[in-house]
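Colleague: Quick one, what's the 3D model for this:
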Amino acid sequence: METYLDLCVYNINFKCVGFHGNIFEISYFISSIDKTLTQFRRLKLNKFKLLTVYDAPFVSQINNWIHYAMNCKVEQLDLTLFPQRNAQFPLPQLFFTNSCFRDLKVAGCVFNPTAAISWKQLRTLCISEVKLDEGLIENILCGSPLLETLKLEDCYGYRRLNISSKSIKNLVFDGYLVPRYDHFEDNEVIEINAPYILSLKIESVLSLWKLRLLDVSSLVKAYLFYIFGGGYVRTREEEEEEEEKEEKEEETLKGLMLKLCHVKELQIGDYCLKALSRLEPKGFVVPSNLKFDVTSPAYSYDEFLEKNLKLITRIDRFNNT
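Modeller: This is a model prediction of the structure:
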């Protein structure tokens with residue numbers, strides 16, 4: 001394990017590289033953070049970043065670090081935890097009431113607010129690998145009146161994503177994966193209702209049977225770079241035929257594209273292109289706003305390899321928790 005501590009006047013970055021789950025290595029990393037923070041009590045923080053594995057015995061230390069960052073009026077907080085033995089970190093209640101957060105990323109934690117969330121200055125929010133429901137999502141959005149960009153990465157547990165806030169202009173639906181230790185229904189259908197967003201990106205692995213768009217009438221740009229189908233993580237039935245799965249893929253893509261005919265710019269990735277190639281012979285008319293430029297940076301070979309490695313890593317982590 002290697003530990004990097006990057007400290008300056010306005011930014012603190014703690015990163016534990018090499019997640020082997022060794023209790024002694026983690027303990028050493030945690031003690032080094034405690035020692036470092038005791039030397040810097042009066043910073044006005046711009047950014048505080050923590051990326052490490054997490055296990056239940058370390059809940060009090062992480063709580064202390066969050067208190068430290070909030071007492072320093074941190075504006076950008078990145079809390080990325082990789083749970084061991086399914087022990088997700090429960091966020092403290094004071095975390096949900098903060099007037100300094102502007103850019104927030106939370107991964108591998110439990111959202112359990114007991115009251116209304118209040119993030120009055122928050123502009124950008126990324127939630128990763130967290131179980132959410134419709135009520136919790138509404139609480140987050142109502143408590144973030146200035147939020148402009150929302151990214152949900154491999155979050156699960158909800159059926160409808162209702163973005164009624166007029167301030168949110170960018171929505172990134174970055175994967176939907178259910179870890180093996182949690183309940184999973186094989187008829188997962190997600191609906192997205194977001195009448196005021198201007199940009200929508202749907203990407204990564206969608207462990208779903210169907211994804212529907214409802215009201216997205218204000219959209220200007222849409223990007224479909226996802227890999228669709230529960231079969232990438234688990235199958236509904238061991239004997240499911242490939243033809244049936246392809247029909248679901250085509251049905252979902254067709255529904256999405258029909259709801260996106262009005263956007264100025266519509267781009268699709270390689271996986272969607274394969275489904276589209278099966279739809280065309282069946283009479284589906286390709287929208288005139290569709291773009292697929294294999295020479296663009298979005299489809300460079302290096303990025304293709306990097307993105308697929310990221311997907312494989314995510315799936316492997318979910319399947320082994």
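Colleague: Wait, residue 72 touches residue 44, no?
Modeller: Yes - judged on CB atoms under 8 Å, residue 72 makes contact with residue 44 at a distance of 6.3 Å. Using the backbone N, CA and C atoms, a C-beta is placed for each residue, glycine as well.
Colleague: I'd like to know how many residues surround the nearest residue to residue 203 once chain neighbours are set aside.
Modeller: Once flanking residues are discounted, residue 203 sits nearest to residue 225: 4.0 Å by CB to CB, 6 or more residues apart in numbering. Counted with other CB atoms under 10 Å, residues neighbouring residue 225 total 18.
Colleague: Now do the strands in the stretch 151-300 of the chain.
Modeller: 160-162, 170-176, 189-193, 199-206, 210-213, 221-228, 265-268, 290-291 (DSSP state E, counting those that start in this stretch).
Colleague: circling back: looking at residue 72 and residue 44, which is more packed in?
Modeller: residue 72 (20 against 10).
Colleague: gap between the two ends of stretch 257-272?
Modeller: 10 Å (CA to CA, to the nearest Å).
Colleague: Make sure residue 126 is actually in contact with residue 155.
Modeller: No - contact criterion CB under 8 Å: residue 126 and residue 155 do not qualify, at 10.1 Å.
Colleague: re the thing from before, among the strands of the stretch 151-300 of the chain, single out whichever gets nearest to residue 81.
Modeller: Across the strands of the stretch 151-300 of the chain, residue 81 has its closest neighbour in strand 170-176 (17.5 Å, CB to CB).
Colleague: could you say what helices and strands the closest one packs with?
Modeller: Contacts defined by 3 or more CB pairs under 8 Å, 6 or more residues apart in numbering; DSSP states H and E place strand 170-176 against strand 149-153, strand 189-193, strand 199-206.
Colleague: any chance of those strands in TSV, with mean neighbour count too?
Modeller: Shown next, in TSV, are the helices and strands packed on strand 170-176 (neighbours: other CB atoms under 10 Å):
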stretch	mean neighbour count
strand 149-153	20
strand 189-193	16
strand 199-206	21
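Colleague: Next, format these as JSON lines and append distance to residue 108 and mean pLDDT.
Modeller: Below are the helices and strands packed on strand 170-176 laid out as JSON lines (distance: least, CB to CB, whole Å; pLDDT from 0 to 100):
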{"stretch": "strand 149-153", "distance to residue 108": "11", "mean pLDDT": "97"}
{"stretch": "strand 189-193", "distance to residue 108": "21", "mean pLDDT": "94"}
{"stretch": "strand 199-206", "distance to residue 108": "16", "mean pLDDT": "93"}
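Colleague: Format the ones you listed as a markdown table; extra columns: distance to residue 214.
Modeller: Below are the helices and strands packed on strand 170-176 laid out as a markdown table (distance: least, CB to CB, whole Å):
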| stretch | distance to residue 214 |
| --- | --- |
| strand 149-153 | 16 |
| strand 189-193 | 4 |
| strand 199-206 | 12 |
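Colleague: so the spatially most central residue of the chain bridges to which residues?
Modeller: Nearest to the geometric centre of the chain sits residue 153, at 1.4 Å (CA atoms, centre = their mean). Here residue 153 sits in beta bridges with residue 128, residue 174, going by DSSP bridges.
Colleague: Would you check that it makes contact with residue 125?
Modeller: No - judged on CB under 8 Å, residue 153 makes no contact with residue 125 at a distance of 11.0 Å.
Colleague: State the distance from residue 243 to residue 249.
Modeller: According to CB to CB, to the nearest Å, residue 243 and residue 249 sit 11 Å apart.
Colleague: More neighbours: these two, which one.
Modeller: A count of neighbours by other CB under 10 Å puts residue 249 above the other of residue 243 and residue 249, at 21 against 7.
Colleague: Distance of that one relative to residue 220?
Modeller: With the distance defined as CB to CB, residue 249 ends up 26 Å from residue 220.
Colleague: Then residue 39?
Modeller: With CB to CB as the criterion, residue 39 and residue 220 are 48 Å apart.
Colleague: Repeat that for residue 73.
Modeller: Taking CB to CB, one finds residue 73 at 35 Å from residue 220.
Colleague: just for this structure, where's the confidence low?
Modeller: 1-9, 17-24, 41-43, 180-187, 229-242, 292-321 (pLDDT under 70).
Colleague: what ranges do the helices span in it?
Modeller: Ranges of helices within the chain are 23-38, 59-71, 134-142, 242-259, 270-279, 301-319, based on DSSP state H.
Colleague: so which of these gets nearest residue 117?
Modeller: Of the helices of the chain, nearest to residue 117 by CB to CB is helix 134-142, at 5.1 Å.
Colleague: quick one: that closest one to strand 149-153, angle?
Modeller: Following axes from the mean of the first three to the mean of the last three CA atoms, to 10 degrees, one obtains 150 degrees for the angle between helix 134-142 and strand 149-153.
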